[in-house]
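Visitor: kindly return the folded structure for what I paste below:
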Amino acid sequence: MTGKAAIWWVRKDLRLADNPCLRAAIAAGGPVIPVAILDPLHEGFGAAPRFRWGLGLGRFAKGLEKIGGRLILRRGDPLEILKRLAEETGAGTVMWSRHYDPDCIARDKAVKSGLEAAGLAAKSHAGHLLFEPWRVETKTGGFYKVFTPMWKAVRDSALPEPERAPSKWPAPESWPETEKLADWALGADMRRALPILESHQRVGEAEAAERLGWFLDGPVDNYDAARDIPGEDGTSRMSPHLAWGEIGPLTCWHAALRRREEGSKGAETFLKELVWREFAYHLAYHTPHIVTDNWREEWKAFPWNEKVTEKVRAWQRGRTGIPFVDAAMREMWVTGTMHNRGRMIVASYLTKHLMTHWRVGLKWFEDCLTDWDPASNALGWQWSAGSGPDATPYFRVFNPVTQLDKFDRNRRYADAWIAEGKRNPSDTALAYFGATPLSWGLSAADSYPDPVVTPEEGRKIALEAYQGRNF
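Guide: The predicted structure is shown next:
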């Protein structure tokens, strides 16, 4: 090694393969020092995302150790930590993978400015997305505000093949001091749900690759239909791995592209889902207000409730009396994820049947999802509510009862998550009561509740609120 040391600031890119930033750091020719920082943004994660990030860090650290590396952990202000670490190691460069939500952009700009003022080189790299948001434009210029034209524009893009993981780490002669991951207590806020939630996690780069391989070896062929059936294991389950960077988007893209070329129709749909994620981040980059406010100006005056009422609490706790809604909310509480069809149903029920602002749901998901992603979470909620770009029409009010009849005919999904009134409830349904706070006072022996708002009543309420508005 001939170059000065480089610091790799590790964030949501917990992988060795398909990592342009890591490759650039190694190519500089000197030792590479990976550091993960528990900064104010990470401190502000919801309980489940913070817990899941901690699991990812632990697994990633073990992967580094296998090839002679080490993950340094520091807690505090990222600029001060990076400057101090550069002094300790003699590093001349700090590198990181770019993120595109407004909070990360603001942080990274401040860090870059401060590092450069201190005489250090600060370099950001692609790797979180397939397409940089400023490189995909409409024919008339500007970003895409509708998904389908964007998909058609990038569908046949020639993207570079993902690079392999390094087999040996360019280590320094001595490693700087590190804090202990256990001392960060990233799962503390999960309380009694912690062991139950942890039992459902698949963590790390190897697990991500194994799951992707399994999915593309068979289930992808029926993905068009199976992705709507919550009682089947018919989806890729890549969302947590992509959210924490345990697999690169290029890896997913090229693997699915090969299956499409072999004739798999489902692979085309999976590629579209990858681009939907891109669409969310492009919107977060170009219109950052999407993560906090109604994307469409005309929705600002809509009379949504923004308080956590008793009906909203029933929604949060999976006790609305609507089996599809309750099953999905309980699945999220126990596993940290929710089937995509369930996400649409619970979001529609909250924003339309309960006339509650999508921000209330967004914040709840932010606290409960282990695959939480700021851009996808915001786009999903605004799509369901009708206030976002390319959204479902405001007058489309999902009927959660007929949706269950259509997509869970045998009630496999509902039975998996609802225990009340069942002679032999499933283990997963019972696990929910072992994971919920004691203060909620829930028991599997309780009677199943009557609907807080029936589908018919909810649809009428929503349509009356929409009437006469210029949407």
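Visitor: sheet-wise, list the partners of the longest strand seen in the chain with their directions.
Guide: Assignment by DSSP state E gives strand 32-38 as the longest strand of the chain. Strand 32-38 has the following sheet partners, assigned by DSSP bridges: strand 6-10 (parallel), strand 72-75 (parallel).
Visitor: hmm, who's touching that strand?
Guide: Contacting residues not belonging to strand 32-38 are listed as 5-11, 22, 25-26, 57, 64, 69-76, 78, 81-82, 85, 89, 91, 169-172, 175-176, 184 [CB atoms under 8 Å, 6 or more residues apart in numbering]. Heads up, the C-betas are built off the backbone N, CA and C, glycines and all.
Visitor: likewise for stretch 195-209?
Guide: Stretch 195-209 is contacted from outside by 14-17, 48, 51-52, 55-56, 58-60, 63, 165, 187, 190, 211, 237-238, 240-241, 246-247, 251, 334-336, 370, 431, 434-435, using CB under 8 Å, 6+ apart.
Visitor: highest average neighbour count across the strands paired with strand 32-38?
Guide: strand 6-10 (a mean of 26; mean count of other CB atoms under 10 Å).
Visitor: so where's this structure shaky on pLDDT?
Guide: For the chain, the stretches with pLDDT under 70 are 1-2, 393-395, 468, 470-471.
Visitor: how is it divided into domains?
Guide: The record's domain split for the chain, according to automatic domain parsing, is 1-127, 129-159+203-286, 297-466.
Visitor: in TSV: those domains, plus distance to residue 197.
Guide: Formatted as TSV, the domains of the chain follow (distance: least, CB to CB, whole Å):
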stretch	distance to residue 197
domain 1-127	7
domain 129-159+203-286	12
domain 297-466	6
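Visitor: for residue 194, find the nearest of the ones you listed.
Guide: Residue 194 lies closest to domain 1-127 among the domains of the chain, at 7.3 Å (CB to CB).
Visitor: what is the neighbour count of residue 369?
Guide: 24 (other CB atoms under 10 Å).
Visitor: residues in contact with it?
Guide: Neighbouring residues of residue 369 by CB under 8 Å, 6+ apart: 46, 48-49, 332, 336-338, 377.
Visitor: bridged to residue 33, which residues?
Guide: residue 7.
Visitor: all helices of the stretch 301-450 of the chain, in order?
Guide: Using DSSP state H, counting those that start in this stretch, the helices of the stretch 301-450 of the chain run over residues 310-316, 323-335, 340-348, 358-368, 374-385, 400-407, 412-417, 427-435.
Visitor: wait, which of those helices is closest to residue 227?
Guide: helix 340-348 (6.8 Å).
Visitor: what's the closest one packed up against?
Guide: helix 323-335, helix 358-368, helix 374-385, helix 400-407 (3 or more CB pairs under 8 Å, 6 or more residues apart in numbering; DSSP states H and E).
Visitor: using PDB, write down the CA coordinates of the shortest one.
Guide: Right, the one you point to is helix 400-407. Extracted in PDB, the C-alpha atoms of helix 400-407 (Å, rounded to 0.1, in the frame of the first residue of the first chain):
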ATOM      1  CA  PRO A 400     -61.000  -4.300   3.200                       C
ATOM      2  CA  VAL A 401     -63.600  -7.000   3.500                       C
ATOM      3  CA  THR A 402     -63.900  -7.700  -0.300                       C
ATOM      4  CA  GLN A 403     -60.100  -7.300  -0.600                       C
ATOM      5  CA  LEU A 404     -59.700 -10.100   1.900                       C
ATOM      6  CA  ASP A 405     -62.200 -12.200   0.000                       C
ATOM      7  CA  LYS A 406     -60.200 -11.600  -3.200                       C
ATOM      8  CA  PHE A 407     -56.700 -12.000  -2.000                       C
END
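Visitor: which strands and helices sit next to that helix?
Guide: Looks like helix 400-407 contacts helix 323-335, helix 340-348, helix 455-466 (3+ CB pairs under 8 Å, 6+ apart).
Visitor: which of those helices sits most buried?
Guide: For the helices and strands packed on helix 400-407, the highest mean count by mean count of other CB under 10 Å goes to helix 323-335, at a mean of 25.
Visitor: wait, residue 447 sits on residue 420?
Guide: Yes. Using CB atoms under 8 Å, residue 447 makes contact with residue 420 at a distance of 6.3 Å.
Visitor: turn the helices and strands packed on helix 400-407 into CSV, columns for distance to residue 406.
Guide: Below are the helices and strands packed on helix 400-407 laid out as CSV (distance: least, CB to CB, whole Å):
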stretch, distance to residue 406
helix 323-335, 10
helix 340-348, 10
helix 455-466, 13
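Visitor: right, and those helices - which one's nearest residue 265?
Guide: The stretch from the helices and strands packed on helix 400-407 with the least distance to residue 265 (CB to CB) is helix 340-348; that distance is 18.4 Å.
Visitor: let's see the closest one as PDB, backbone CA atoms only.
Guide: Extracted in PDB, the C-alpha atoms of helix 340-348 (Å, rounded to 0.1, in the frame of the first residue of the first chain):
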ATOM      1  CA  ASN A 340     -47.500  -4.800   0.300                       C
ATOM      2  CA  ARG A 341     -51.100  -5.600  -0.300                       C
ATOM      3  CA  GLY A 342     -51.600  -5.100   3.500                       C
ATOM      4  CA  ARG A 343     -49.800  -1.800   3.300                       C
ATOM      5  CA  MET A 344     -52.300  -0.500   0.800                       C
ATOM      6  CA  ILE A 345     -55.200  -1.700   2.800                       C
ATOM      7  CA  VAL A 346     -54.200  -0.300   6.100                       C
ATOM      8  CA  ALA A 347     -53.200   3.000   4.600                       C
ATOM      9  CA  SER A 348     -56.500   3.300   2.800                       C
END
